[in-house]
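Trainee: here is my input; please provide its structure:
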Amino acid sequence: MSQERLSSLVGSGPAMQKVKKLIQQVAQTDATVLILGESGTGKEVVAQALHSVSTRNERAFIPINCGAIPAELLESELFGHEKGAFTGAITARKGRFEMAEKGSIFLDEIGDMPLPMQVKLLRVLQERMYERVGGNKSFECDVRVIAATHRNLEDNIADGKFREDLFYRLNVFPIEMPALRERVEDIPELIEFMLSKISGSGRQLPKLTDKAMIALQNYPWPGNVRELGNLVERLSILFPNLEVDYDDLPERYQVELPEGAKLILTSGEVDQAEQTMPEQEESANDNGDETSDDVIAKESSVSSMAFERPDLSQALSLNDGIDLKSYLVEMEIQLIQKALEQTEGNVSKAAKLLQTNRTTLVEKIRKFNLS
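Mentor: Numbers count the residues shown, from 1 in each chain. The predicted model follows:
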């Protein structure tokens, strides 16, 4: 049953499997959960899935966007108000915490909450009590708190924009939602899911070619799953019941493809693809393409580059300790530089040698200021 309730979390790749496992581990407790991740990654979907597999699933799930409500109204939205508490309060009104009693409340964009409101929320988390605005009656609070933000709260703490004590109250069980560029193997499955939702309205659907799908897997997706959903909606309008090839994609998605780029599949799809691989290889040889000897020679060259490991027992002495993080960064920089030198600066070929996505390598080159 829990797997069925997690069906809204689309993706069979390792990153999403890790998220699903964390949800199942924390669901049967009342621990406060902090969902982290870039905008558009689906943090509210994770919160809803967590509520659906928890013991509170028969009670309400109440979301509120803390960054979309003016600061002067946020307290009333969260805790309610009494009649006459302020101009326009002609009747008493329940707040979101009261509506979520025995259920779950989802505080989205918690990083945008004003500091004065953070103090009041901290008291609720500590004492499990609150009062309506303009009232003096205390209400007990039995609510599962799930918060989310796209901001780096530790940076906000350093800048004086977020309370450190509130951060530790919220960060009991963090769940990091991966960016779409970090789980590109899930893109075909996500597109299929989005198209199935569109088909429910009776519309005809487009079909993407492998080359178009490969291009989408090499695009960096700054808008994450939300951006992918918008693209699928646009393609379904432009190409009903038609094939969508690389050249049919909007120009920004026609990214340069690495040499020999292939569709990245999840483990289940890989098993299915391998069944047809012998036929494809035979066909390639019949057409005068690379022979198996050529392929073996190339793979041997890549392997010697990608899997050559230094003898750390000779290179290092741990008597005085070592900064592991700095050492790993330096090793990564050296490997990238070596790959770029070996390919004469060809980023696509270097990415192939390092067995990583071209977009990932480009980001690392910029991050480490390499040329």
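Trainee: quick one, phi psi at the closest residue to Met113 other than its chain neighbours?
Mentor: Closest residue in space to Met113, ignoring its immediate chain neighbours: Cys66 at 4.5 Å, by C-beta to C-beta, 6 or more residues apart in numbering. The C-beta positions use only the backbone N, C-alpha and C, and glycine is treated the same way. Here the main-chain torsion angles of Cys66 (degrees, to the nearest 10) amount to phi -70, psi -20.
Trainee: what is the burial count for Cys66?
Mentor: 23 (other C-beta atoms under 10 Å).
Trainee: with just CA atoms, put stretch 202-212 into PDB.
Mentor: In PDB, the C-alpha atoms belonging to stretch 202-212 read as follows (Å, rounded to 0.1, in the frame of the first residue of the first chain):
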ATOM      1  CA  GLY A 202      -8.900  13.300 -24.400                       C
ATOM      2  CA  ARG A 203      -6.100  15.100 -26.200                       C
ATOM      3  CA  GLN A 204      -3.800  13.400 -28.800                       C
ATOM      4  CA  LEU A 205      -0.300  12.900 -27.600                       C
ATOM      5  CA  PRO A 206       3.100  13.500 -29.300                       C
ATOM      6  CA  LYS A 207       5.900  10.900 -29.400                       C
ATOM      7  CA  LEU A 208       9.500  11.900 -28.800                       C
ATOM      8  CA  THR A 209      12.300  10.300 -30.800                       C
ATOM      9  CA  ASP A 210      15.400   8.900 -29.100                       C
ATOM     10  CA  LYS A 211      17.500  11.900 -30.300                       C
ATOM     11  CA  ALA A 212      15.000  14.400 -28.900                       C
END
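Trainee: pLDDT averaged over it - what is it?
Mentor: The pLDDT scores in stretch 202-212 average 93.
Trainee: rewinding a little: thought the residue nearest to Met113 was touching Gln118?
Mentor: No: contact criterion C-beta atoms under 8 Å: Cys66 and Gln118 do not qualify, at 9.7 Å.
Trainee: any regions of the stretch 201-350 of the chain where pLDDT drops low?
Mentor: 267-320 (pLDDT under 70).
Trainee: swap in the stretch 1-150 of the chain?
Mentor: For the stretch 1-150 of the chain, the ranges with pLDDT under 70 are 1-5.
Trainee: go again with 80.
Mentor: 1-7, 85, 87-89 (pLDDT under 80).
Trainee: where along it do the strands fall?
Mentor: 33-36, 61-65, 104-108, 129-131, 138-140, 144-149 (DSSP state E, counting those that start in this stretch).
Trainee: okay, these, which one's buried deepest?
Mentor: Each of the strands of the stretch 1-150 of the chain was assessed for mean neighbour count using mean count of other C-beta atoms under 10 Å. The highest is strand 144-149, with a mean of 26.
Trainee: which residues does it contact?
Mentor: 30, 32-37, 43-44, 46-47, 50-51, 54, 56, 103-112, 125, 170 (C-beta atoms under 8 Å, 6 or more residues apart in numbering).
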